[in-house]
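Trainee: My questions concern the predicted model and sequence given below.
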Protein chains: 4
Amino acid sequence: MIANLSVQETGQPRPKLRRNEKHIVTKRRLFQAAIKVVGKYGYAGASVARITAEAGVAQGTFYLHFENRQVLLDQLLPAVGEDVAATVRERTSFEELSPEDTEVERCRAFFDVLKEMPEFFRILNEAEMFAPEAYAKHIDGIVTGYVRALKRGFDPDDPDGYTDEELEVIVHVLLGARACLGKRYAKPGDAETVPDYVMSAYSKLMRRGLFPKPATK
Amino acid sequence: MIANLSVQETGQPRPKLRRNEKHIVTKRRLFQAAIKVVGKYGYAGASVARITAEAGVAQGTFYLHFENRQVLLDQLLPAVGEDVAATVRERTSFEELSPEDTEVERCRAFFDVLKEMPEFFRILNEAEMFAPEAYAKHIDGIVTGYVRALKRGFDPDDPDGYTDEELEVIVHVLLGARACLGKRYAKPGDAETVPDYVMSAYSKLMRRGLFPKPATK
Amino acid sequence: MIANLSVQETGQPRPKLRRNEKHIVTKRRLFQAAIKVVGKYGYAGASVARITAEAGVAQGTFYLHFENRQVLLDQLLPAVGEDVAATVRERTSFEELSPEDTEVERCRAFFDVLKEMPEFFRILNEAEMFAPEAYAKHIDGIVTGYVRALKRGFDPDDPDGYTDEELEVIVHVLLGARACLGKRYAKPGDAETVPDYVMSAYSKLMRRGLFPKPATK
Amino acid sequence: MIANLSVQETGQPRPKLRRNEKHIVTKRRLFQAAIKVVGKYGYAGASVARITAEAGVAQGTFYLHFENRQVLLDQLLPAVGEDVAATVRERTSFEELSPEDTEVERCRAFFDVLKEMPEFFRILNEAEMFAPEAYAKHIDGIVTGYVRALKRGFDPDDPDGYTDEELEVIVHVLLGARACLGKRYAKPGDAETVPDYVMSAYSKLMRRGLFPKPATK
DNA sequence: TATGAATGAGGCTTCATTCAT
DNA sequence: GATGAATGAAGCCTCATTCAT
């Protein structure tokens, strides 16, 4: 881009770039508008009319950037999902924590992101239904990464440990739990942060299960 | 219903009660039709036209029984949800099991019901989005009952046990896990029963948490 | 229908019939409106909006009577075409004329109908393009009937006569000629009747071909 | 074009002529593209987007050469029609044939051209509807020339011959016949040449009319 | 009470045309 | 001149809801 700008001074190539940039800007605006609109009205309420109005362009413009409405909606989750995942990773990875604590922190970070970016909430939530393919792919990616991350915390030789298949199950449990807790305790309207007892309960469950054996003593 | 029809032939003074009954019957038929239609086409595809066609009544009739489409859709989850919950309870409660096993069985029973009544799957799944108020209420009810049920398995004096608030969190985790696992491993198209490793993973998690301390020394 | 009306007095069956009638009336109005609109704006200009406006109903009403726009357009030619054909037949058949005169009269009758029902003009003309299937079927029917009619005027043993295949060709020629002449000499804006020289030229061509052999002596 | 480009490198004073030439070349490309597109998709499918894409220029460029879409479409028939007419003339005129045979050959030549240049088929066919003014003018021109050509084969003193007005009618008949036969027997998908019986039927009609008088003997 | 025809707002998409670059 | 992004009117169709019968 810097290069481009310098070239402009030489003469002709400028317009093309300018135009191209503007085109990209418009596309981004449509995309951002879609995120906002889906966040507010849900996928079902995300009409092209609303999205273009929010973006401040004509309805027809939409179709210069996306083949049709669904194509845009399908791109929402990958983008937003990756954003969320990256942010969570970023806020978690560099810490020197035990695996349990890491998992708890991962969950807390997820809640924080949810509160910071309220429109992501609905996208994450509704994508499964309105962008099923994108959702399936997204989940696959998340699960794969998550399994890998979890494995790092396990003793591979533990005879009582989780098999690979079981680990996948566990990841689904964690994701389901996280989603459900998010809905309940990290709603856009709620307080700044999730209550402490949410994290403590989650932590306990991770550490010793639902029904700790006093006998383990 | 056959009785009804034969009575009508006796003349005009058809008793009011019969009318009322017929009215109720029609309402029930609309309701059942709605369940079937939502099960098949989802909430978004549950148009009044489809529901009335399935029920075998005129479109206008719909509005004699329900103020509008949403009102009916809002009633779907409470009914279906209670059905599912009751069935799960029924298949679990009478057993003489440890609390852990009970919880695992509860989860397995849920999966079984899902497979037996495929239309519930979609309703449970989509209700959150298309009938949010009903969903919230439904969840509240479930949580309350669930917390009570779980408490029975705990030692109330355990200093490391879960507080009431924490228990509620745990229930949300369990519900989320269950929902997520159901979507993944108990889809209508899948095999008869959920794979064993799903239940074993769930069981392990319930019994000793995610990261069992071999060091528990 | 007469029976229906008498039944009405007995009580309940009335509404149904009345409603049914009204429904049919609306459909007919849409149909007539379509004929008018296509006559005026052509198939390409026959939008659902124009048709329903002409019929005085809401746009949505259209779809209660026709699955979609094309379905109605496809029905136009069969109806109008049969109307035209029947009228031509009616005005021609009962006469005691020589085959040549019959053919000339058939053509003249066609022109008369065109002038009397100006909107048919465009439908006949444009159907080939906008309702190709209906057009093919229509033409097939016309050709078959026409060939049969022509054959009645021929000596089947004439060694110089037309074969069946050739007759079909001739019919296409006649139809093409008729259409082309209609366009030129029986346009809606023109005089009451087609000029005499049109018919005389047509007559001559039918009787002795384009280049009469003076040698025929 | 290659020459043009090399010249440009000499600097800014690129001769006006070159510009002009390029302009003309572009216009011609648009024109040819339009013929191709209309041949393939019909007038109705000949969007500016398709034409410019086929021509390899930007959409906006279109409007530097043609005031609007219709203006270009209106020019298609004159050009294509003249091409067809000239080819037919060329293949017919130099022959030493009787007038009857000439007419038959003219018709056959027309069919041949139709098969050789499939895109003309659609233009000729649809122009009447989508470019009515151009069509009327085109037909006028054709008729005038045709009448003149026919006259050469007639004995001007024959008291039973065709008057000038009648001749015009005859020409319309011939054109209509030709068009109709072309649509039926010379469709782009059909065999190489029109069946023999088509030409023989046409020939018979031209020579002795529809109902030859055995009495003429 | 039940019916089902009618309504009309609103959704998606296309495309001729304009205009800043 | 040339470009191509942007426009916005117009087209088709669906569907929740109303209302005369």
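Mentor: Sure thing, it's come through.
Trainee: shouldn't A:K40 be in contact with A:I123?
Mentor: No: A:K40 is beyond contact range of A:I123, at 11.1 Å (criterion: Cβ atoms under 8 Å). All C-beta spots, glycine's among them, are computed from the backbone N, C-alpha and C.
Trainee: what's the helix or strand for A:F154?
Mentor: Assigned by DSSP states H and E, A:F154 falls within no helix or strand.
Trainee: now A:L210
Mentor: Using DSSP H and E, A:L210 is not contained in any helix or strand.
Trainee: what's near enough to touch the nearest residue to A:Q70 once chain neighbours are set aside?
Mentor: Using Cβ to Cβ, 6 or more residues apart in numbering or on different chains and skipping the chain neighbours, the partner closest in space to A:Q70 is A:A131 (7.7 Å). Contacts for A:A131 (Cβ atoms under 8 Å, 6 or more residues apart in numbering or on different chains) come out as A:Y43, A:Q70, A:L73, A:D74, A:L76, A:L77.
Trainee: so how many other residues sit close to the spatially closest residue to A:R69 that is not a sequence neighbour?
Mentor: Once flanking residues are discounted, A:R69 sits nearest to A:V48: 5.4 Å by Cβ to Cβ, 6+ apart. Neighbour count for A:V48, taken as other Cβ atoms under 10 Å in any protein chain shown: 19.
Trainee: Quick one: residues contacting A:V48.
Mentor: So A:V48 contacts A:Q59, A:F62, A:R69 (Cβ under 8 Å, 6+ apart).
Trainee: circling back to that earlier point, kindly provide the distance from the residue nearest to A:Q70 to A:L76.
Mentor: Separation of A:A131 from A:L76 (Cβ to Cβ, to the nearest Å): 7 Å.
Trainee: Now that A:G161 has come up, it's in contact with A:L150, right?
Mentor: No: contact criterion Cβ under 8 Å: A:G161 and A:L150 do not qualify, at 10.7 Å.
Trainee: Same drill for the two, tell me which one is more crowded.
Mentor: Using other Cβ under 10 Å as the criterion, A:G161 and A:L150 rank with A:L150 on top: 20 against 16.
Trainee: Compare A:K40 and A:I123 (neighbour count), which wins?
Mentor: Taking neighbours as other Cβ under 10 Å, A:K40 and A:I123 compare with A:I123 leading, 25 against 14.
Trainee: Reduced to three states, what does the more buried one come out as?
Mentor: What DSSP: H, G, I helix; E, B strand; the rest coil gives for A:I123 is helix.
Trainee: phi, psi of the residue nearest to A:Q70?
Mentor: Dihedral pair for A:A131: phi -140, psi 60, per degrees, to the nearest 10.
Trainee: What parts of chain A come near DNA strand E?
Mentor: Neighbours of DNA strand E within chain A, by Cβ under 7 Å from any atom of the strand: A:14-15, A:18-19, A:46-50, A:59-60, A:62-63, A:68-70.
Trainee: Which one (most neighbours) among these?
Mentor: A:A46 (27 neighbours).
Trainee: Surely that one and A:K36 touch.
Mentor: No: using Cβ under 8 Å as the test, A:A46 is too far from A:K36 to be in contact (9.5 Å).
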